[in-house]
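Visitor: Output the structure for:
(chains A, B, C and D)
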There are 2 protein chains.
Amino acid sequence: MSSKLDGVALANGLERVVSLLRRLAPGEGVSLAKAATLRTLDTHGPCRVSELAALDGVTQPAMTQLVSRLEHDGYAERRSCEGDARVVMVHLTAAGADLLRRRRAARAGLLAQLTERLSADDRTALEAALPALDRVAAYHTDSGSTST
Amino acid sequence: MSSKLDGVALANGLERVVSLLRRLAPGEGVSLAKAATLRTLDTHGPCRVSELAALDGVTQPAMTQLVSRLEHDGYAERRSCEGDARVVMVHLTAAGADLLRRRRAARAGLLAQLTERLSADDRTALEAALPALDRVAAYHTDSGSTST
DNA sequence: TATTGTTATACTCTATAACTATA
DNA sequence: TATAGTTATAGAGTATAACAATA
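Guide: Now for the predicted structure:
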């Protein structure tokens, strides 16, 4: 009788795993908000502040401040836009790209560590669910490709 | 060649879905931090502040403040502990339990909405991955049962 | 002295409203 | 007047360090 996908179980399973990841992954020195913006910059290339804000789902003022912090950290930089002096283009720096690489490696290692204790069936099930997970995420996001 | 579970893809898929959920679920009036604590109280029953802090992965001072906010909201309350006057027991109120119920219903509905557009195969894959997801989450968490 | 919890302080992250500069 | 971005201000959430009360 329970061949229906249980939304509650899925939501809770997702949150628990993600919260576990966050607790175990030291964060590589940046917060989630910063990492998300760096990821967006990496995926989309240079963006305006307003564009970044929309893609990350925060307000323009919030993104202004986030970009300032990223700039202060050396992970992003502001450049002016030829043709429209109002626009600020935000670019990922080499240090920012490096950081992303390290974060990805760390998280992949952590996940590998966590999943290697699973049964082969469980691992197979997780792997098989990945495309579906991506499609769920992409449905309303439309923020870009699936390969962050 | 790719029968190995890709940690990067899994981590990103998880984060994207969860971040989508957070953006789409209005939150039912409480933040993630508050909801997580209420969930822990619901799962474990009355807890000390230090216990809550450990279970939620935050510091004791952070939990003290969170409990104060929850108490102010009417979702939790402090009670003294017979036998040890240093200990504060935090209890979920009826309003807190109600809130949890509403949140779960809202999220389940949202997830159902998101997943009903998936193919039957995708839904099946997600459902099949749930137990594995739970086991990953439970591995280091040990926070209790799987039925939040 | 050790444990439990709180207070003090500071920083990140977010929002809304008001502002500046350019178009 | 509309658009892009910033600044001002406020609040949630977090951490570390210092503190009070109890054991």
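
Visitor: C-alpha from now on. contacts and neighbour counts both.
Guide: Noted.

Visitor: near DNA strand D, which residues of chain A show up?
Guide: A:48-51, A:60-61, A:63-65, A:86-89 (CA under 7 Å from any atom of the strand).

Visitor: Could I get the residues you listed in a markdown table, plus columns for pLDDT, neighbour count and secondary structure?
Guide: Below are these laid out as a markdown table (pLDDT from 0 to 100; neighbours: other CA atoms under 10 Å in any protein chain shown; DSSP: H, G, I helix; E, B strand; the rest coil):
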| residue | pLDDT | neighbour count | secondary structure |
| --- | --- | --- | --- |
| A:48 | 98 | 18 | strand |
| A:49 | 98 | 22 | helix |
| A:50 | 97 | 18 | helix |
| A:51 | 97 | 15 | helix |
| A:60 | 97 | 15 | helix |
| A:61 | 98 | 12 | helix |
| A:63 | 98 | 22 | helix |
| A:64 | 98 | 15 | helix |
| A:65 | 97 | 11 | helix |
| A:86 | 97 | 9 | coil |
| A:87 | 98 | 16 | coil |
| A:88 | 98 | 18 | strand |
| A:89 | 98 | 19 | strand |
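
Visitor: which among those are in contact with DNA strand C?
Guide: Filtering the residues of chain A next to DNA strand D for proximity to DNA strand C (criterion: CA under 7 Å from any atom of the strand) leaves A:60, A:61, A:63, A:65, A:86.

Visitor: Nearest to residue A:121 among the residues you listed?
Guide: Using CA to CA, residue A:63 is the member of those that sits closest to residue A:121, with 42.3 Å.

Visitor: who's in contact with the closest one?
Guide: Residue A:63 makes contacts with A:49, A:50, A:52, A:53, as judged by CA atoms under 8 Å, 6 or more residues apart in numbering or on different chains.

Visitor: try residue A:129
Guide: B:122, B:125, B:126, B:128, B:129.

Visitor: cutoff 10 Å now
Guide: When contacts are counted by CA atoms under 10 Å, 6 or more residues apart in numbering or on different chains, residue A:129 touches A:123, B:10, B:13, B:121-130.

Visitor: From residue B:6, how far out is it?
Guide: Separation of residue A:129 from residue B:6 (CA to CA, to the nearest Å) stands at 12 Å.

Visitor: again, but for residue A:63
Guide: Distance of residue A:63 to residue B:6, given as CA to CA: 31 Å.

Visitor: Same check on residue A:61?
Guide: From residue A:61 over to residue B:6 the distance is 36 Å, taken as CA to CA.

Visitor: how about the strands of chain A, start to end?
Guide: With strands called from DSSP state E, chain A shows them at A:47-48, A:76-80, A:88-92.

Visitor: Can you tell me which of those strands is most buried?
Guide: Burial of these is given as mean neighbour count (mean count of other CA atoms under 10 Å in any protein chain shown); strand A:88-92 ranks first at a mean of 21.

Visitor: Give me the angle between that strand and strand A:76-80.
Guide: Interaxial angle, strand A:88-92 versus strand A:76-80 (axes from the mean of the first three to the mean of the last three CA atoms, to 10 degrees): 150 degrees.

Visitor: Neighbouring strands - and their directions - for strand A:88-92?
Guide: Strand A:88-92 sits in its sheet next to strand A:47-48 (antiparallel), strand A:76-80 (antiparallel), going by DSSP bridges.

Visitor: closest to residue A:17 out of these?
Guide: Checking these against residue A:17 by CA to CA gives strand A:76-80 as the closest, at 29.3 Å.

Visitor: these two touch, right, residue A:123 and residue B:10?
Guide: No: applying CA atoms under 10 Å, one finds residue A:123 not in contact with residue B:10, separated by 11.0 Å.

Visitor: picking that back up, can you say which of the strands paired with strand A:88-92 is nearest to residue A:134?
Guide: For residue A:134, the closest of those is strand A:47-48, at 23.3 Å, according to CA to CA.

Visitor: where along chain A do the helices fall?
Guide: All helices of chain A, identified by DSSP state H, fall at A:7-24, A:32-44, A:49-56, A:60-73, A:94-115, A:120-141.

Visitor: Apart from its neighbours in sequence, what residue is nearest residue A:133?
Guide: Computed as CA to CA, 6 or more residues apart in numbering or on different chains, the closest residue to residue A:133 that is not its neighbour in sequence is residue B:13, at 6.0 Å.

Visitor: and the one you found, what does it touch?
Guide: Neighbour list for residue B:13: A:129-138, A:146-148, B:7, B:19 [criterion: CA under 10 Å, 6+ apart].
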